[in-house]
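Novice: Sharing a sequence plus its predicted fold:
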Number of protein chains: 2
Amino acid sequence: MSKIYVAGHKSPDTDSVCSAIGYAYLRNQLVKAGSPYASTHKEEAVAVRQGDLNPETEFVLKHFGIPTPELMTDGAGKKVILVDHSERGQTLDNIDQAEIIAIIDHHKIGDVTTPNPITFINMPTGCTASIVKALFDFFKVEIPKEIAGILLAAILSDTVAFKSVTTTEFDKKAAEELAKIAGIEDLMAFAMEMFKAKSDVAGKSPRDLLYRDFKDYMMAGKKVGAGQIEVVSLDLLAEVKDAIYEEMQKVKAEGGYHTIVLMLTDIMKEGTELLVVTDDPSVIEKAFGKKLEGKSIWLDGVMSRKKQVVPPLEKAFGA
Amino acid sequence: MSKIYVAGHKSPDTDSVCSAIGYAYLRNQLVKAGSPYASTHKEEAVAVRQGDLNPETEFVLKHFGIPTPELMTDGAGKKVILVDHSERGQTLDNIDQAEIIAIIDHHKIGDVTTPNPITFINMPTGCTASIVKALFDFFKVEIPKEIAGILLAAILSDTVAFKSVTTTEFDKKAAEELAKIAGIEDLMAFAMEMFKAKSDVAGKSPRDLLYRDFKDYMMAGKKVGAGQIEVVSLDLLAEVKDAIYEEMQKVKAEGGYHTIVLMLTDIMKEGTELLVVTDDPSVIEKAFGKKLEGKSIWLDGVMSRKKQVVPPLEKAFGA
């Protein structure tokens, strides 16, 4: 029998990978139990990833003993469930030739449409994993210890240990309950272990670092790329910053971008150095109220691409 | 303080109106309780309707002693929650000037997009009210007797007392539980009362009947209208059928439609006489495998516009 593939977005982060694994597990349990919710499609659900894992996600899966999902980038002819995204630019290739069974997300409502009614659960939470946790509760399905662990890790990752402005009470409550199931007593110590793993830039090529968590957007008809590297200290990036900047210039030319920004986010200082290559520096000034000095600007308190970088950029492009 | 308006689709049916009332009530309870789910917007939620109530909905609200929601057709400058639709063609005028707070629906994913993350709950159930019922359970909010009554009525209406192919186990379970709360012992007797009210065509103008439950679609760039009148027996429509057909011809010319179909659905016989005015009768033949004889075709077993009329039409237009 064919399968249902549960896929996060391109340049997968911890939420994208762990929510896919968690939702696939939940769905398989519902099918086994004969739940009316999963009655239309009874195939086995399996989590897949659209790209290489970042070092944080690698650490998390290893820590909880969960195997790495298979790589899958093309949706043609497949039944798929999308988690952590609903934008065509971030989804599987040939999505029009896939059958979308469900979407579970926490972003703005994107441009994916479907010919038939499907399950689409989107909530304005800090993390998709918080919604997956809520769905376990809703369907009264027990969460295994290791699944609780990776869902918790996803919440800590996406909310930067609750420091990000995207954090909601919903995420905090979910994390508390997951920590109990996973048997993790010191949340902050565990988060710090994750962030140290995430900060590992040693031996990575500048292009790998740029693409670690990189998304494409269309803003007023212009192609814009926005990436993010999170580290416990910007010192870790001092030696590679110039090489990364050169890589941004190359990618901009090759990919026909109007603008590429890369957030170098300091988790401890709670701020971001925004590296910028652009055809029009005034857009950056309009978006962030600061003139570009050399290659970058410092944005105090900015940690969320979704809430603090993409919306002002979109507004500046639109204006 | 400004309000949040909860609106169903144009040409409101019982699900559209009752789900709006139910969800507005639920949201207000969550805000009162300080729930993290409703923390971003604390304004009072009020249900509104985009048009006149059909006689079934009038019967239902009267039966459970619930006042008719105010008429509201323009979303400009307002905070809104959309229930039972996510298509631009079915929503409030000037939706681009509204702030969409949430969408609760059970249709295919439409073309509404949002600039920020919102709550979007869509499930492939027979009725939006079943999802609203599930949300009450999820948030552990008690359902008042009269709200349970109207949500139950919405499920019986949208699923044609569980006869429609759109019916899921999810709807049946929700209806059972709601019936207990509402104190309704004989579901089928209650459904029949509703359907008799719905079948009341006496004294209605042909145009009112045509627009009773009428939706616009774009199919391969062509404007298509699809309406539905449900009656306990087609005999009730015998005298007005010709006048309705003339009205369809007029509306087609005035509105620049390529095709208008009107489902005259016989609830007891479980089938539909499809009245058709079109620029291209071959589309109807392609969609339903039957040649148009005179003004209509009989479609045995067809009761759902959403599952049995719109998809084959879309396919026929696309091919």
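Specialist: Yes, it's here.
Novice: ok, now which ones touch A:T159?
Specialist: By Cβ atoms under 8 Å, 6 or more residues apart in numbering or on different chains, the contact set of A:T159 is A:G126, A:C127, A:T166, A:T167, A:D171. Quick note: C-beta positions are derived from backbone N, CA and C, even for glycine.
Novice: What remains of those residues if I keep only buried residues?
Specialist: A:G126, A:C127, A:T166, A:T167, A:D171 (16 or more other Cβ atoms under 10 Å in any protein chain shown).
Novice: Among those, which are located in helices?
Specialist: Among the buried ones among the contacts of A:T159, DSSP state H puts A:D171 in helices.
Novice: would you list the buried ones among the contacts of A:T159 in CSV and tack on pLDDT and distance to chain B?
Specialist: As requested, the buried ones among the contacts of A:T159 are arranged in CSV below (pLDDT from 0 to 100; distance: Cβ to the nearest Cβ, whole Å):
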residue, pLDDT, distance to chain B
A:G126, 93, 10
A:C127, 96, 11
A:T166, 88, 8
A:T167, 93, 11
A:D171, 95, 9
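Novice: so of the buried ones among the contacts of A:T159, which ones are in strands?
Specialist: Assigned to strands by DSSP state E, none of the buried ones among the contacts of A:T159 qualify.
Novice: From the contacts of A:T159, pick the one nearest A:N94.
Specialist: Nearest to A:N94, judged by Cβ to Cβ, of those is A:C127 at 28.1 Å.
Novice: Could you verify my assumption that the closest one touches A:H106?
Specialist: Yes - look at A:C127 against A:H106 with Cβ atoms under 8 Å: they come within range, at 6.4 Å.
Novice: give me the number of residues near A:A20?
Specialist: By other Cβ atoms under 10 Å in any protein chain shown, 32 other residues sit near A:A20.
Novice: which residues sit in contact with A:A98?
Specialist: Residues in contact with A:A98 (Cβ under 8 Å, 6+ apart) are A:G75, A:A76, A:G77, A:K78, A:K79, A:V80, A:L92.
Novice: near chain B, which residues of chain A show up?
Specialist: By the rule Cβ under 8 Å from any Cβ of the partner chain, the part of chain A lying against chain B is A:36-37, A:39-40, A:103, A:106-125, A:134, A:137-138, A:168-170, A:173, A:306, A:311, A:314.
Novice: which among those end up buried?
Specialist: A:37, A:103, A:106-110, A:112-114, A:117-125, A:134, A:138, A:168, A:170, A:306, A:311, A:314.
Novice: Tell me where the stretch 101-250 of chain A has strands.
Specialist: A:119-122, A:214-219, A:222-231 (DSSP state E, counting those that start in this stretch).
Novice: Can you tell me what sits against the shortest one?
Specialist: If I follow you right, that is strand A:119-122. With contacts defined as Cβ under 8 Å, 6+ apart, strand A:119-122 is touched by A:37, A:86, A:101-107, A:109, A:131, A:135, B:109, B:117-124.
Novice: partners of it, with directions?
Specialist: Strand pairing for strand A:119-122, using DSSP bridges, gives strand A:99-105 (parallel), strand B:119-122 (antiparallel).
Novice: and the longest one, which residues are buried?
Specialist: If you call a residue buried by 16+ other Cβ under 10 Å, then strand A:99-105 has these buried ones: A:I100, A:I101, A:A102, A:I103, A:I104, A:D105.
Novice: Pull out the CA atoms of that strand and give them to me as CSV.
Specialist: Extracted C-alpha coordinates of strand A:99-105, given in CSV (Å, rounded to 0.1, in the frame of the first residue of the first chain):
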residue,chain,number,x,y,z
GLU,A,99,-2.6,15.0,-3.1
ILE,A,100,-2.6,17.2,0.0
ILE,A,101,-4.3,15.3,2.9
ALA,A,102,-3.7,17.8,5.7
ILE,A,103,-1.8,21.0,6.7
ILE,A,104,-0.7,21.7,10.3
ASP,A,105,0.9,25.1,10.7
